[in-house]
Structures are given as structure tokens and as C-alpha cells.
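Colleague: whatever this is, show me its structure:
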Amino acid sequence: MWKVTTIAVIASLGLSACANRAPGLRSFFSEAGAVVDGGGQFGAATNNNLGIQTGDKSYTIQLARRFADEVPSTINFEFNKSTLDEASRATLRNQAEWIKQFPEVSFRVYGHTDAVGSNAYNKRLGLRRAKTAVNYLIGQGIDRSRLEAVVSFGETQPLIATNARERQNRRTVTEVSGFVGRHPTVLDGKYAAIIQREYVASAKPVSTVTTSKTEE
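Modeller: Numbers count the residues shown, from 1 in each chain. I've put the predicted structure just below:
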């Protein structure tokens, strides 16, 4: 009898340990795609796992991190407005220049609002802001097909937790979302060519040599 009880206790401890395992350890013992699985969609883990195995997902993550490090991904808006000020236009121009370097990559723009107003109104306002950002990027020469979707989160994802007016919450965020479908460079598995082009061929060393004219 004591053996059965002991086994039951050990099993329960094991289950408890699994349930309380830290996120990092949980991802270590899970399938490859689980680490980037946001949940909420049936089959998402399988799709992410496939992306990890083929390399597409890891490249997307790397590019997303690089984009966030090298370019401001967020622009802000005045209260109850979806028009761009000069600072926002300058940020979007920077984004467009970066996006032009990677014709293989698609992007998604998310719209957000502060908590003033109804949920339904803020959902529409966030969408207008996202569309404004997308249209400006298109005006800078970005193909509309590369801007994969326009999504509005409304007031549901604030940066600052407040019910008052808050400029930081009134924003759009541009993110790398994946690779453009049917692009020959990606389908041929020539991602190294992208790295060669962007990190090596496009490098322009700054010359420190100065010249001056001398009188004869």
C-alpha cells in the first residue's frame, strides 16, 4: 500500500513541478514553435513549429528585432486625431527607408488609442490611425502588398495604465510580420544573399582621408 501511495505522491509532485516550471524551462521542454506561440488560435503551435524547422520563423524574429533596434517603430497622435505631425512623418520616412532594404519582408501596422471614449469608437479610431500610417508608407514607395494587414487594438493595450488622456497610448506600431509570399529569393532558400546584400554589399566605409590643394 505504501508503495502505491509513494508513487502517487511522486507523480503529483512531478505534475506540480511541470505546472510551476518557469517560462524559459517550459519552452525548453516544449516543441520548437511553442516559444513564439501567442496562443488563442488552434494549430498556432504547429504552424510556428514548422516555421522554426524551415528557418522562416527564426529569420522573421531576427529581422523584427533588428527593425526595432534600428528604427523607431512607434508614432504618436494628438487626442482624438488620426493626422500625422512632422515628428510622425519623419519616423515613418525612416521606417520606409529601412523597409526598402528588405523587399522580401512584409510588415503589419497596429493602431492604438488611450482609454477616453467607448471601446467601439476607439477601435475605429485605432484603425484610422493605422491606415494613416500605412498610406504614408505607401506614399514613400512601399508596395501595398508588403503591408500585410492593418489591425486596431483600440484602448486594450495601453503603455500607460490610465483612464485619462495619455499621448503614449495614442500610437501606431509597425512590426515585421513575415516574408512576402512567392518571393524567389526566399523560396530558393537564398537568405544568405539577403545578408550579403544588406550587411556586406551595402556597407559604405567612411573615409578619414582629407585632401587639400597646394599652391605651386
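
Colleague: need the helices for the chain, in chain order.
Modeller: 2-19, 23-28, 44-54, 56-70, 86-100, 119-139, 184-187, 191-195 (DSSP state H).

Colleague: weakest of those helices by average pLDDT?
Modeller: Here the lowest mean pLDDT among the helices of the chain goes to helix 23-28, at a mean of 40.

Colleague: just the terminal-to-terminal distance for stretch 155-172.
Modeller: End-to-end distance of stretch 155-172 (CA to CA, to the nearest Å): 12 Å.

Colleague: then stretch 157-173?
Modeller: 12 Å.

Colleague: read off the pLDDT value for the nearest residue to residue 162 once chain neighbours are set aside.
Modeller: The shortest distance from residue 162 to any residue other than its chain neighbours is 6.9 Å, reached at residue 115 (CB to CB, 6 or more residues apart in numbering). (C-beta placed from N, C-alpha, C; glycine too.) Per-residue confidence (pLDDT) for residue 115: 96.

Colleague: would you mind measuring from residue 115 to residue 77?
Modeller: 14 Å (CB to CB, to the nearest Å).

Colleague: those two: which is more packed in?
Modeller: A direct count of neighbours by other CB atoms under 10 Å for residue 115 and residue 77 places residue 77 higher, at 26 against 18.

Colleague: check contacts around the more buried one.
Modeller: 83-84, 88, 129, 167, 170-172 (CB atoms under 8 Å, 6 or more residues apart in numbering).

Colleague: try it again with 6 Å
Modeller: Neighbouring residues of residue 77 by CB atoms under 6 Å, 6 or more residues apart in numbering: 129, 170.

Colleague: swap in residue 109?
Modeller: For residue 109, counting by CB under 6 Å, 6+ apart, the contacting residues are 130, 133-134, 150, 172, 174.

Colleague: ok, and the closest non-adjacent residue to it?
Modeller: Counting by CB to CB, 6+ apart, the nearest residue to residue 109 once its immediate chain neighbours are dropped is residue 130, at 4.7 Å.

Colleague: surely residue 130 meets residue 171?
Modeller: No - using CB atoms under 6 Å, residue 130 is not in contact with residue 171, being 10.0 Å away.

Colleague: and the spatially closest residue to residue 176 that is not a sequence neighbour, how far is that from residue 117?
Modeller: Excluding its sequence neighbours, the residue lying closest to residue 176 (CB to CB, 6+ apart) is residue 64, at 3.9 Å. Residue 64 is 31 Å from residue 117, where distance means CB to CB.

Colleague: from residue 162, how far off is residue 134?
Modeller: Taking CB to CB, one finds residue 134 at 28 Å from residue 162.

Colleague: out of the two, which sits in the busier spot?
Modeller: In this view residue 134 and residue 162 are compared by other CB under 10 Å, and residue 134 has more residues nearby, 22 against 13.

Colleague: show me what contacts the more buried one?
Modeller: 109, 147, 150.

Colleague: so which of these comes closest to residue 139?
Modeller: Distance to residue 139, by CB to CB, is smallest for residue 147 among the contacts of residue 134, at 11.9 Å.

Colleague: so what sits opposite the closest one in the bridge?
Modeller: Note on residue 147: beta-bridge partners residue 107, judged by DSSP bridges.
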